[in-house]
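J.: Got a sequence here, can you model it:
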Amino acid sequence: MKITGRAREYRNVSRVLILILALSLLSCGSSKTYWLNLRADAFVQSSPTTRLTIGVLPFQDNRPPSARVGQRVLTNGKEEPIRLRSSYPTQDITSIFRQLLKARNIRAVELTGWEPTPGNLKTLPEEVDIAIAGYVDALEVKASSYTFKTEIRYLVRLSAKVGFKAQGKVLTKTVEGRPEESVLRFKRQEVEKTLNETLTSALGRLIDATISSAG
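T.: Numbering: from 1, shown residues only. This next block holds a predicted model:
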C-alpha cells in the first residue's frame, strides 16, 4: 500500500511521541538514591606560599544533621535523593584541607579543643602561628531532569575563624562556589567529580584568604 506524505508525517510524529513516552516511563521506573564520595580533586603541588605554621581544628558542620545533600527531580516530579556515603563528612573535608596544605608545602599541626577567640591565642602550641577553625555552612546538589537534558546546580559554602597569634586577632573568612551545568544525561560519577572540584577549590581559596591576611 502506498504511503502518502501526510500519512508518513503522522507516522513520524507518532514515533517521536512514543519515544518521549518511553523515555518518561524509563525515568519513572529508575528511581534510586545517588551516593557521593568526598575526596580531593586533582591539584598541582606548588612551592611554599608561607613559612608560617598553621594549626587546624577539625571542621564542624553547621548544616542540619543529614547525609542528604540534595535531590534529582524527574520529569514526573518524583525526587531521587542525593546523599553522602560517608557518615562523617567533616572528617573527609578536614582531610582534604590538610592534603591541600601539604601540597603547598605548608606545615600544619592538628589542634584539639582550641576556642577561636583572641584571648585564647596565647594557649596555642608554641610553633603555631595561625589557627583555623573551619565550618561547613552549605553542601548541596540540586538537579532537575527534563526529557532531553538535566540542569544541575551546586552550592558549597565554607567559613572559618582564623586566629593570627602575632597580630592578636581572630578574623572570619567565608568562601563559596555555585557552579551550574546542563547535561544530556545525569551521571553520578560526573556529579561527584564536579562537587569535589567545587569543594577543593573552595578550600584552596580559604587557604589563600588566610595567607593574604597574615601580612
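J.: Averaged pLDDT, stretch 55-75. What do you get?
T.: The pLDDT scores in stretch 55-75 average 93.
J.: What residues sit buried inside it?
T.: For stretch 55-75, the neighbour count (16 or more other CB atoms under 10 Å) marks G55, V56, L57, P58, F59, R63, V69, G70, Q71, R72, V73, L74 as buried. Yep, even glycine has a C-beta here, placed from its N, CA and C like the rest.
J.: thought the last one was touching T147?
T.: So the one you mean is L74. No. Using CB atoms under 8 Å, L74 is not in contact with T147; the gap is 10.6 Å.
J.: rewinding a little: could the buried residues of stretch 55-75 be laid out in JSON lines, adding distance to T33 and secondary structure?
T.: Listed next are the buried residues of stretch 55-75 as JSON lines, based on distance: CB to CB, whole Å; DSSP: H, G, I helix; E, B strand; the rest coil:
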{"residue": "G55", "distance to T33": "38", "secondary structure": "strand"}
{"residue": "V56", "distance to T33": "32", "secondary structure": "strand"}
{"residue": "L57", "distance to T33": "32", "secondary structure": "strand"}
{"residue": "P58", "distance to T33": "27", "secondary structure": "strand"}
{"residue": "F59", "distance to T33": "25", "secondary structure": "strand"}
{"residue": "R63", "distance to T33": "18", "secondary structure": "coil"}
{"residue": "V69", "distance to T33": "12", "secondary structure": "strand"}
{"residue": "G70", "distance to T33": "12", "secondary structure": "strand"}
{"residue": "Q71", "distance to T33": "10", "secondary structure": "strand"}
{"residue": "R72", "distance to T33": "10", "secondary structure": "strand"}
{"residue": "V73", "distance to T33": "14", "secondary structure": "strand"}
{"residue": "L74", "distance to T33": "13", "secondary structure": "coil"}
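J.: Closest one to G163 out of these, please.
T.: G55 (8.3 Å; CB to CB).
J.: where do the strands sit along the chain?
T.: Counting by DSSP state E, the chain has strands at residues 34-36, 54-61, 68-73, 79-84, 108-110, 130-145, 150-164, 169-177, 180-183.
J.: Q91: which of those strands is closest?
T.: When the strands of the chain are compared by CB to CB, strand 54-61 sits nearest Q91, at 7.0 Å.
J.: Neighbouring strands - and their directions - for that closest one?
T.: strand 108-110 (parallel), strand 130-145 (parallel) (DSSP bridges).
J.: can I get the CA coordinates of it in CSV?
T.: The C-alpha coordinates for strand 54-61 follow below in CSV (Å, rounded to 0.1, in the frame of the first residue of the first chain):
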residue,chain,number,x,y,z
ILE,A,54,49.1,26.6,60.6
GLY,A,55,47.1,24.8,63.3
VAL,A,56,44.0,23.1,62.0
LEU,A,57,40.9,22.3,64.1
PRO,A,58,38.6,19.6,62.6
PHE,A,59,35.8,21.2,60.5
GLN,A,60,32.4,21.4,62.1
ASP,A,61,29.1,21.0,60.4
